[in-house]
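**Q** Got a sequence here, can you model it:
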Amino acid sequence: MSSSFSLPKRLVSVPIFAIQLLLIHSVSSLNLTNDYLNHKCAVSEGNYKPGGKYEENLNFLTKSVSTYDLPDGFIRISRGDAPDSVTIILQCRGDSYESKCSSCFATALAGFRRKCHRHKGGIIWYDQCLLIISSINNENSRKIDYKNSFSMHNPKNVNEDPESFIKKTRDFLNELVLKAIKPDGVNLVYYASGEKSLGTKKLYAMVQCAQDTLQCRKCLEWNIMELPKCCNGKQGARFLSTSCNVRYELYPFLRTLKTV
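**A** As a prediction, the model looks like this:
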């Protein structure tokens, strides 16, 4: 599916995000928004006609997902046969499960319908969830999606010893990766978050893989390696794909932290 999207591979420094960060007055204030981040429409999958079988399958699935509790913040569900098969993949952020995940799904679905009107497939990212809709369903687990990725960063640079900040941030993210891939009981959570003291400041970070992604560790380590290309020395940054994402900030941005 990743090869079918028409928009550029990467979007760096989204203006809305930059403006939002500039408006933050205190590191103690939580940024619990669910802002739209980015989208890509799968042009090569074509469009569906009103009242057709594809729309019927899509509507059935979206209604089904809206009734689920989503306790682990993830669902992959399919219905129908080609060329009218529909697959929905929803991955919510690690602090946005259950009712918060259902709410984000409703927001993302409405956004998808506006931005990819009658497209059979596409991707849309929000702060608290990722939604993929596709007419292609050929894998139960997805390989790492290197193509559909983008980065965002705080416009402000770190003023004090940026090289030390960069190293400590990278080390902390890698520490969280090990936590994310460690089984929690019998399950793989693929999510970890935490905070770390940096002198008078605190660094907040999270890492997460979509639960149907193969090679979670490899995906997260790739994201961490990509961060310097856009965001070296920035006070906050994130790198997102459909497979995994990483983020760090100098202010808390999650409801709860799973401290390392």
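
**Q** pretty sure L173 is touching I224, no?
**A** Yes. The criterion here is Cβ atoms under 8 Å, and L173 meets it with I224 at 5.1 Å. Where you see a C-beta, it was placed from the backbone N, CA and C, and this is true even at glycine.

**Q** Pick out whichever of these two has more residues nearby.
**A** For L173 versus I224, the count of surrounding residues by other Cβ atoms under 10 Å is larger for L173: 23 against 19.

**Q** Give the full set of residues in contact with that one.
**A** Listed by Cβ atoms under 8 Å, 6 or more residues apart in numbering, the contact set of L173 reads A205, V207, L220, I224, V246, Y248.

**Q** Over to M206?
**A** M206 sits next to R93, G94, L176, Y191, A192, S193, G194, V246, R247, L254 when contact means Cβ under 8 Å, 6+ apart.

**Q** Identify those among those residues that sit within helices.
**A** L176 (DSSP state H).

**Q** wait, which of the contacts of M206 is closest to I123?
**A** Distance to I123 across those (Cβ to Cβ) is lowest for R93, with 15.7 Å.

**Q** Phi and psi next, for the closest residue to the closest one other than its chain neighbours.
**A** Closest residue in space to R93, ignoring its immediate chain neighbours: Q128 at 4.7 Å, by Cβ to Cβ, 6 or more residues apart in numbering. With angles defined as degrees, to the nearest 10, Q128 sits at phi -110, psi 0.

**Q** how near is Q128 to C92?
**A** To C92, Q128 is 6 Å away according to Cβ to Cβ, to the nearest Å.

**Q** Mutual contacts of these two, please.
**A** K100, C101, C104.

**Q** so can I have TSV of those residues showing pLDDT, neighbour count and secondary structure?
**A** Shown next, in TSV, are the shared contacts of Q128 and C92 (pLDDT from 0 to 100; neighbours: other Cβ atoms under 10 Å; DSSP: H, G, I helix; E, B strand; the rest coil):
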residue	pLDDT	neighbour count	secondary structure
K100	95	19	helix
C101	97	25	helix
C104	97	25	helix
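
**Q** Including distance to R238, could these go into JSON lines?
**A** Output for these, formatted as JSON lines (distance: Cβ to Cβ, whole Å):
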{"residue": "K100", "distance to R238": "19"}
{"residue": "C101", "distance to R238": "19"}
{"residue": "C104", "distance to R238": "17"}
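
**Q** Going by distance to P162, which of these wins?
**A** Nearest to P162 among these is C104, at 34.1 Å by Cβ to Cβ.

**Q** Identify the residues contacting that closest one.
**A** Shown in contact with C104 (Cβ under 8 Å, 6+ apart): N34, C92, S96, Y126, Q128, C129.

**Q** Just give me the neighbour total for the second one.
**A** The burial metric for C92, expressed as a neighbour count using other Cβ under 10 Å, is 27.

**Q** For the stretch 51-200 of the chain, which segments count as helices?
**A** With DSSP state H, counting those that start in this stretch as the criterion, the stretch 51-200 of the chain has helices at 53-66, 99-115, 162-180.

**Q** quick one, phi/psi of P252?
**A** Phi and psi for P252, reported as degrees, to the nearest 10, are phi -70, psi 130.

**Q** Quick check, it in contact with A205.
**A** No. With contact defined as Cβ under 8 Å, P252 does not count as touching A205 (10.5 Å).

**Q** quick one: which of those two has more around it?
**A** The neighbour comparison of P252 against A205 (other Cβ under 10 Å) goes to A205, with 24 against 18.

**Q** Go ahead and list the helix or strand containing the more buried one.
**A** strand 201-209 (DSSP states H and E).

**Q** Run the chain-centre distance for that strand.
**A** 14 Å (Cα atoms, centre = their mean, to the nearest Å).

**Q** List the buried residues for that strand?
**A** Residues L203, Y204, A205, M206, V207, Q208, C209 are the ones in strand 201-209 that count as buried (16 or more other Cβ atoms under 10 Å).
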